[in-house]
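Colleague: let's see this in three dimensions:
(one chain, ligands or ions: 2)
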Amino acid sequence: MVLGFETSCDETGVGIVRGTELLADAVATSVDEHARFGGVVPEVASRAHLEAMVPTVHRALETAGLKLTDIDAVAVTAGPGLVGALLVGVAAAKGYALALDKPLYGVNHLAAHVAVDQLEHGPLPEPCMALLVSGGHSSLLLVPDVTNDIRPLGSTVDDAAGEAFDKVARVLGLGFPGGPLIDRAATDGDATAITFPRGLTGPKDPPFDFSFSGLKTAVARWVEARERAGEPVPVADVAASFQEAVVDVLTRKAIRACKENGVDHLLIGGGVAANSRLRALAQQRAEQAGIRVRVPRPKLCTDNGAMVAALGAELVARGARPSPLDLPADSSMLITEVLV
Ligand code: KG4
Ligand code: ZN
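Modeller: Residues are numbered from 1 along each chain as shown. Ligands and ions are numbered 1, 2, ... in the order given. Have a look, this model is predicted:
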């Protein structure tokens with residue numbers, strides 16, 4: 001029975017997992033407190049974690065019908081993420097582990113995004129390819145073993161995919177977080193109306209890195225030109241065309257990574273994995289290439305404690321050595337380090 005803590009960004013997540021069975025997934029979010037700033041404010045997030053932590057633990061235990069003394073191990077996101085936010089989860093996890101006299105596992109947030117799929121689709125095929133796309137990260141990872149062998153193939157060189165959605169939503173006056181709003185606006189739009197640039201897709205570009213900052217600027221310039229000419233901005237068409245540019249690049253690179261590495265399972269995770277067009281296009285292109293796509297349900301794609309508990313449970317099952325009680329929060333933890 002593993003209790004998992006996640007506080008790397010603006011979600012306070014506490015999950016409980018037994019083996020690959022999900023027993024509780026309690027999440028408190030401070031997203032509304034950041035909305036007027038158009039992005040997550042680290043200090044606000046840290047303070048919100050502090051307030052939400054204990055009530056969220058209680059909520060998770062209640063959902064699972066368990067007492068704290070039923071817990072066998074504690075897992076926590078040690079990094080990467082906002083350092084002040086991480087510290088709250090790491091301190092809480094240490095406190096519970098010490099008080100309960102149970103082992104503590106400090107784990108990598110990105111690896112947890114991969115491991116969570118076990119709760120939905122059963123044991124991960126090894127190796128598998130993982131495309132992780134959220135407000136904070138965009139990475140392509142080759143995963144021979146989610147507990148100790150994750151190889152980064154590429155990542156974003158500027159904005160994360162979700163960040164691009166959030167910034168473009170702002171340009172279009174849609175609100176925050178922008179991803180779901182663009183997704184919705186795009187359903188009434190024409191994805192071929194405007195051809196926006198596909199970053200890093202030239203023959204000499206790194207094949208598995210991403211860049212979304214040029215795309216974001218191109219959208220802003222296009223909208224400004226319209227406004228300057230006194231013409232109305234076709235929000236649905238811009239949203240659909242922008243979204244198409246993002247998911248075209250994401251899926252193209254992910255499928256190519258699978259093919260070049262002889263991997264026939266593609267897992268997509270992170271908040272942007274909730275995007276309806278990304279899911280559809282990934283499915284379509286994967287089918288053509290004979291690759292199977294696994295996408296956890298949206299609640300497991302966004303940041304949560306269940307994913308940390310899922311990775312913790314897998315580490316326990318494989319007999320991994322627990323972390324020291326003085327483990328640090330590491331804001332720039334590398335994906336090659338799954339367990340502290
Ligand atoms: O994983 P997550 O909850 O938090 C981190 O950033 O780690 O991801 C949030 C991001 C935001 O940028 C949000 O705009 C994006 O995921 N997002 C979406 C959709 N739902 C959430 N992006 C595109 N389409 C969506 N449907
Ligand atoms: Zn995340």
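Colleague: just confirm residue 151 is within a helix.
Modeller: No - following the definition DSSP: H, G, I helix; E, B strand; the rest coil, residue 151 is strand and is not counted among the residues of a helix.
Colleague: element containing whichever residue of the stretch 101-250 of the chain sits closest to ligand 1, please.
Modeller: Across the stretch 101-250 of the chain, the shortest distance to ligand 1 (Cβ to the nearest ligand atom) belongs to residue 179, at 2.0 Å. The C-beta positions use only the backbone N, C-alpha and C, and glycine is treated the same way. Taking DSSP states H and E as the criterion, the element that holds residue 179 is helix 178-186.
Colleague: list the contacts for the residue of the stretch 101-250 of the chain closest to ligand 1?
Modeller: Neighbour list for residue 179: 135, 162, 165, 166, 169, 271, 272, 274, 275 [criterion: Cβ atoms under 8 Å, 6 or more residues apart in numbering].
Colleague: need the nearest residue in space to the fourth one, chain neighbours excluded.
Modeller: Put plainly, it is residue 166. In space, residue 166 comes closest to residue 178 once its chain neighbours are excluded; the distance is 4.1 Å by Cβ to Cβ, 6 or more residues apart in numbering.
Colleague: before we move on, what about the first one?
Modeller: Of all residues not flanking residue 135 in the chain, residue 162 sits nearest, at 3.6 Å (Cβ to Cβ, 6+ apart).
Colleague: the helix or strand where the one you found lies to helix 178-186, inter-axis angle?
Modeller: In this assignment (DSSP H and E), residue 162 forms part of helix 161-171. Orientation note: helix 161-171 sits at an angle of 60 degrees relative to helix 178-186 (axes from the mean of the first three to the mean of the last three Cα atoms, to 10 degrees).
Colleague: alpha carbons only: can I get helix 161-171 in CSV?
Modeller: Output of helix 161-171 as CSV, limited to C-alpha atoms (Å, rounded to 0.1, in the frame of the first residue of the first chain):
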residue,chain,number,x,y,z
ALA,A,161,3.7,22.4,-25.6
GLY,A,162,1.1,23.3,-22.9
GLU,A,163,2.8,26.7,-22.4
ALA,A,164,2.3,27.4,-26.1
PHE,A,165,-1.4,26.6,-25.8
ASP,A,166,-1.6,28.9,-22.7
LYS,A,167,0.2,31.8,-24.5
VAL,A,168,-1.8,31.5,-27.7
ALA,A,169,-5.1,31.3,-25.7
ARG,A,170,-4.0,34.6,-24.1
VAL,A,171,-3.4,36.2,-27.5
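Colleague: quick one: the strands in the stretch 101-250 of the chain, in order.
Modeller: Using DSSP state E, counting those that start in this stretch, the strands assigned to the stretch 101-250 of the chain run over residues 104-108, 128-133, 138-145, 149-155.
Colleague: what's the shortest one packed up against?
Modeller: So the one you mean is strand 104-108. Contacts of strand 104-108 with other secondary structure elements, assessed using 3 or more Cβ pairs under 8 Å, 6 or more residues apart in numbering; DSSP states H and E, are made with strand 73-79, helix 83-100, helix 305-317.
Colleague: name the helices or strands packed onto the shortest one?
Modeller: Spelled out, that is strand 73-79. Secondary-structure packing of strand 73-79 (3+ Cβ pairs under 8 Å, 6+ apart): strand 2-6, helix 83-100, strand 104-108, helix 109-115, helix 305-317.
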